[in-house]
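When you get a sec, could you give me coordinates for this:
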Amino acid sequence: MTFPVTRLRRLRYNSVLRQMVTETKLSADDFVMPLFVCSGTNVKNHINSMPGNYQLSVELLVEECKTIYAAGVKSVLLFGIPAHKDEDGSVACEHNGIVQQAIRAIKKELKDLYVIADVCNCEYTTHGHCGTIIDGDVDNDSTLITLAKQSVSLAEAGADMIAPSDMMDGRVGVIRAQLDANGFEKIPIMAYSAKYASGFYGPFREAAESAPKFGNRATYQMNPANSNEAIREVAQDIAEGADIVMVKPALSYLDVIYRVKNEFNMPVAAYNVSGEFSMLKAAAEKGWIDGPRVMMEILTSIKRAGADIIITYHAVEAANILNGKY
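The predicted model follows:
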């Protein structure tokens, strides 16, 4: 029937009823908190463009993880800032690499915290690109060798999940084969499957000290104008053995998240990236928006679009709101 018999506002007048018919509900279980670990002792470097986020030395990172876990966020995603870099990112494969050290330290203190290790070379190369440079561009196949070694090293350190973010063709299959060959067949892969060449990564590049020294990443990260290509990228990663696929960034690519979830019906992660985080914080600081309210609206939109996992720098703040601690 039509108005006035059908009045959709009847379901909105009472707060209890509104909660009962809420279609999309966030939980702290949805969130993964990204963290940046650096060398040294008692190091806590403020990241200017990301309020409340820091580069942390290992022992302070462990303490931060305790706070995160206490808030109800059960998973972290680790990025490393090494003491030195090299041409091809081999430093990321070292037994005592900075992320490897962090994983061991976290697992010693918080064995139930789920630790995801990002796999890429941009933080570890002198040139800031995500792989080995040959003839002025990132060489796909030689980069795969380093990525696979890095993945095995991180699994040996105790990582619960491997998350390749480099966007090289074929990397999921190569990493899967090497993990399995080294006895890590139970370690899942969360592939950054549709990672766009986005302008929203600026604050992260400050945090991870990973800005490219020349050119850009357009030859390996995706064209922001393309959606069908994202489906092809995701399909390829699934065929190679990805257990979870990711869309990055999240907010400007909600349509892609929706398409991926509906097309493949498998676990989908979305990365609410640094630029999205920093824009909200800057606007809230100026009093232009209600920061916590807009934060929860954004996170809800990401889940509504189809994301099962939301990687976000808002994780602890959002979890505290959901748990009534804010």
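
Please give the number of neighbouring residues around Ala177.
Around Ala177 there are 13 other residues, counting by other Cβ atoms under 10 Å. Where you see a C-beta, it was placed from the backbone N, CA and C, and this is true even at glycine.

How about Met20?
By the criterion of other Cβ under 10 Å, Met20 has 9 neighbours.

Relative to Leu299, how far out is it?
The span separating Met20 from Leu299 equals 21 Å under the rule Cβ to Cβ, to the nearest Å.

Same check on Asp141?
Applying Cβ to Cβ, one obtains 38 Å for the distance of Asp141 from Leu299.

got it, and Ile187?
Between Ile187 and Leu299 the distance, using Cβ to Cβ, works out to 28 Å.

Was I right to think Pro188 contacts Met161?
Yes. Under the criterion of Cβ atoms under 8 Å, Pro188 lies in contact with Met161, with a separation of 5.2 Å.

who's more crowded, these two?
Between Pro188 and Met161, counted using other Cβ under 10 Å, the more crowded position is Met161 (20 against 17).

who touches the more buried one in this structure?
Met161 makes contact with 114-117, 187-190, according to Cβ atoms under 8 Å, 6 or more residues apart in numbering.

Narrow the residues you listed to those in strands?
114-117, 190 (DSSP state E).

Name the spans of the stretch 201-326 of the chain whose pLDDT lies under the cut-off.
Low-confidence segments of the stretch 201-326 of the chain, defined by pLDDT under 70, span residues 214-215, 326.

just the strands in it please.
Counting by DSSP state E, counting those that start in this stretch, the stretch 201-326 of the chain forms strands over residues 244-248, 268-272, 309-312, given from the N-terminal end onward.

Just the CA atoms of the last one, as PDB, please.
Yep, that's strand 309-312 we're talking about. Extracted as PDB, the C-alpha positions of strand 309-312 are listed here (Å, rounded to 0.1, in the frame of the first residue of the first chain):
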ATOM      1  CA  ILE A 309      37.200  -6.700   7.900                       C
ATOM      2  CA  ILE A 310      37.900  -3.000   8.300                       C
ATOM      3  CA  ILE A 311      41.500  -1.900   8.700                       C
ATOM      4  CA  THR A 312      41.400   1.500  10.300                       C
END
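
Can you tell me the strand partners of that strand and which way each runs?
Its sheet considered, strand 309-312 pairs with strand 31-38 (parallel), strand 268-272 (parallel) by DSSP bridges.

Next, format those strands as TSV and append mean neighbour count and distance to Ser57.
Conversion of the strands paired with strand 309-312 to TSV gives the following (neighbours: other Cβ atoms under 10 Å; distance: least, Cβ to Cβ, whole Å):
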stretch	mean neighbour count	distance to Ser57
strand 31-38	24	6
strand 268-272	28	25
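
Kindly reformat these as CSV containing distance to Met168.
Putting those into CSV (distance: least, Cβ to Cβ, whole Å) gives the following:
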stretch, distance to Met168
strand 31-38, 21
strand 268-272, 18
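
who wins for proximity to Leu280 among the ones you listed?
strand 268-272 (9.5 Å; Cβ to Cβ).

Show me what the closest one is in contact with.
Where contact means Cβ under 8 Å, 6+ apart, the residues beyond strand 268-272 that reach it are 32, 190, 192, 244-251, 253, 257, 260-261, 298-299, 302, 305-314.

same question, stretch 219-228
130-131, 137-138, 140, 166-168, 194-198, 229-230, 233, 252, 255-256, 259.

what's the span of it, first residue to last?
Between the opening and closing residues of stretch 219-228 we find a distance of 17 Å, counting by Cα to Cα, to the nearest Å.

in that stretch, what's buried?
Residues 220-222 are the ones in stretch 219-228 that count as buried (16 or more other Cβ atoms under 10 Å).

before we move on, back to that, mind putting the strands of the stretch 201-326 of the chain into a markdown table with distance to Thr146?
A markdown table is the format used below for those (distance: least, Cβ to Cβ, whole Å):
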| stretch | distance to Thr146 |
| --- | --- |
| strand 244-248 | 21 |
| strand 268-272 | 22 |
| strand 309-312 | 23 |
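
of all those, which lies closest to Gly40?
Nearest to Gly40 among those is strand 309-312; the distance by Cβ to Cβ comes to 25.7 Å.
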